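Trainee: Predicted model, plus sequence, below.
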Amino acid sequence: MVTLDELIEKTKSYQTVIIFGFSRIGRDLYQKLRSEKEGGEIFFCDNNKEKQAQEQVYAVHNAVARYPRALFITVSLYYYQEMQEQLHEEGVTDSNIVNYIPHIYRLQDSMEQMFRRTVPLPELQFEVDLAGHCNLNCKYCDHFSPLAEEEYPEYELFERDIRRLSFLFEKRAKRIYLLGGEPLLNRRINLYIRCVRTAFPQTEIVIITNGILLNKMSQEFWEECRSSHIEIAMTKYPISGALYQKAEKICNKERVKWFYFGNPFVCKYSYHYPLDLEGKQDARSMYLHCANANECITLKKGKLYTCSVAPNIETFNHYFHQNLELCKEDGIDIYQAKNRQEILEFLSRPIPFCKYCKVHERTYGREWGISKKAIEEWT
């Protein structure tokens, strides 16, 4: 990561500078460079088609084609690796790429995220697994799917939980993710979709999938997705470009809305979320710095949890013969909760299980791969 002074000095060697990311950070950087850089041209490139409608904002491919010798500055807190990979694929070398995020933005983002985690959400949003296992089994999976045996939520209990949440939240939620594991492995997925849509008639409902099975899904599945207004979100892994092209075509053919989850590029990197097997971390500190807290809210067996790691730890414990304790206070019982506010307030507080997460040791640039089911992937 370069400083602003170092960046300004580097731009002096280039006739053209292109800022990758038409964002607040990018626009602020543009103004700084414009005031400091003598001569030359400064443009933007971005993958967002709406932003490309702005003057001097190019599509990435067009920017590289027009200015192949330009200096490309990526300005993203979270996707700079994917942006760099995209530039590489367009033929831009490392010497012509630099990542820049001012320290004040990193600090500000950290403070904003910590504040968000401690404030009850205005609306419920949650995720629920339709299958515990997976047909891809990514290394470092924070749902522990590579370690899971074939497992699906019992439909009657699932339906009861969904109806209870619908009652407590008056049939309203901001968003519901149906995932796993790999949710398309669930042969009764149509029933689960219909159940959630009936209980939450106006909510955004999204199936998150690796896309491998989309071309094998039944016509009844597609009819259910259309009638229930379900969206398909695919995570793009480096397994087969043709697979995703086919998946896009089948979604378009069946008139079901789809998008790529996270970003539209191949996911070549994984997050490593190490666990402290002895549970010696400060729970409050871990919660405040955890990106999953009050974000990846998970419904499982009649309880809501503030993250996805805690409710799935049983799989890890069983496979590796460990005993990371999930206690009563780690989740809120939706049948004992009196109202929606009690639930939302609970989800915005640390839980005892946070002591098992070494959030400060998490890394985000690990090469993606298939799990070897080694405990080191989670410790």
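Mentor: Cool, got the structure.

Trainee: Where in the protein is the helix or strand with the lowest mean pLDDT?
Mentor: For the chain, the helix or strand with the lowest mean confidence is helix 103-117, at a mean of 73 (criterion: mean pLDDT, DSSP states H and E).

Trainee: Distance from the next helix or strand after that helix to the middle of the chain?
Mentor: In the C-terminal direction, the helix or strand that comes right after helix 103-117 (DSSP states H and E) is strand 125-129. Here the centre of mass of C-alpha atoms in strand 125-129, compared against the chain's by CA atoms, centre = their mean, to the nearest Å, lies 13 Å away.

Trainee: Using CSV, write out every CA atom in strand 125-129.
Mentor: Only the C-alpha atoms of strand 125-129 are listed here, as CSV (Å, rounded to 0.1, in the frame of the first residue of the first chain):
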residue,chain,number,x,y,z
GLN,A,125,-32.3,-10.2,7.3
PHE,A,126,-31.2,-13.7,7.7
GLU,A,127,-29.8,-16.8,5.9
VAL,A,128,-30.8,-20.5,6.3
ASP,A,129,-29.0,-23.6,5.0
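
Trainee: can you count the residues close to Cys45?
Mentor: Taking other CB atoms under 10 Å as the criterion, the count of residues near Cys45 is 29. In this view, the C-beta of every residue, glycine as well, is placed from N, C-alpha and C.

Trainee: Could you tell me which residues make contact with the residue nearest to it when sequence neighbours are not counted?
Mentor: Nearest residue to Cys45 in three dimensions, chain neighbours excluded: Ala63, at 3.8 Å (CB to CB, 6 or more residues apart in numbering). Taking CB atoms under 8 Å, 6 or more residues apart in numbering as the criterion, Ala63 is in contact with Ile18, Phe43, Cys45, Ala70, Phe72.

Trainee: where does the second one land in three-state SS?
Mentor: Here Phe43 is recorded as strand under DSSP: H, G, I helix; E, B strand; the rest coil.

Trainee: tally of neighbours for it?
Mentor: Residues near Phe43, counting by other CB under 10 Å, number 18.

Trainee: thought it was touching Ala59?
Mentor: No: in this structure Phe43 lies outside contact range of Ala59 using CB atoms under 8 Å: 11.6 Å.

Trainee: List the contacts of the residue nearest to the spatial centre of the chain.
Mentor: Central residue check for the chain by CA atoms, centre = their mean: the C-alpha nearest the mean position is that of Gly262, 5.3 Å away. Applying CB under 8 Å, 6+ apart, we find Gly262 in contact with Thr235.

Trainee: Where does pLDDT dip in the stretch 51-200 of the chain?
Mentor: The stretch 51-200 of the chain contains residues with pLDDT under 70 at 105-109.

Trainee: Between which two of the contacts of Ala63 is the distance greatest?
Mentor: Within these, Phe43 and Phe72 form the most distant pair, 10.2 Å apart (CB to CB).

Trainee: which residues do these two both contact?
Mentor: A shared contact of Phe43 and Phe72, defined by CB under 8 Å, 6+ apart, is any residue touching both; here these are Ile18, Ala63.

Trainee: hang on, the earlier thing: turn the contacts of Ala63 into CSV, columns for distance to His103.
Mentor: Supplementary listing: the contacts of Ala63 in CSV, determined by distance: CB to CB, whole Å:
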residue, distance to His103
Ile18, 23
Phe43, 25
Cys45, 24
Ala70, 25
Phe72, 21
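
Trainee: quick revisit: so the residue nearest to the centre of the chain is in which element?
Mentor: According to DSSP H and E, Gly262 maps onto no helix or strand at all.

Trainee: Could I get the full set of helices for the protein?
Mentor: Assigned by DSSP state H, the chain shows helices spanning 4-11, 24-36, 49-52, 60-66, 80-89, 103-117, 155-168, 189-199, 219-227, 241-253, 283-288, 313-320, 340-347.

Trainee: which strands and helices sit next to the second one?
Mentor: What it means is helix 24-36. Counting by 3 or more CB pairs under 8 Å, 6 or more residues apart in numbering; DSSP states H and E, the packing neighbours recorded for helix 24-36 are helix 4-11, strand 16-20, strand 41-45.

Trainee: Work out the gap between it and the centre of the chain.
Mentor: Using CA atoms, centre = their mean, we find the averaged C-alpha position of helix 24-36 to lie 29 Å away from the chain's own average C-alpha position.

Trainee: That one to helix 4-11, inter-axis angle?
Mentor: Put simply, helix 24-36 runs at 70 degrees to helix 4-11, going by axes from the mean of the first three to the mean of the last three CA atoms, to 10 degrees.

Trainee: Identify each buried residue in helix 24-36, please.
Mentor: Neighbour counts over helix 24-36 (16 or more other CB atoms under 10 Å) mark Ile25, Gly26, Leu29, Tyr30, Leu33 as buried.

Trainee: now swap in the shortest one and tell me
Mentor: Counting neighbours by 16+ other CB under 10 Å, one finds that the buried residues in helix 49-52 are Lys51, Gln52.

Trainee: Perfect, I'm done here.
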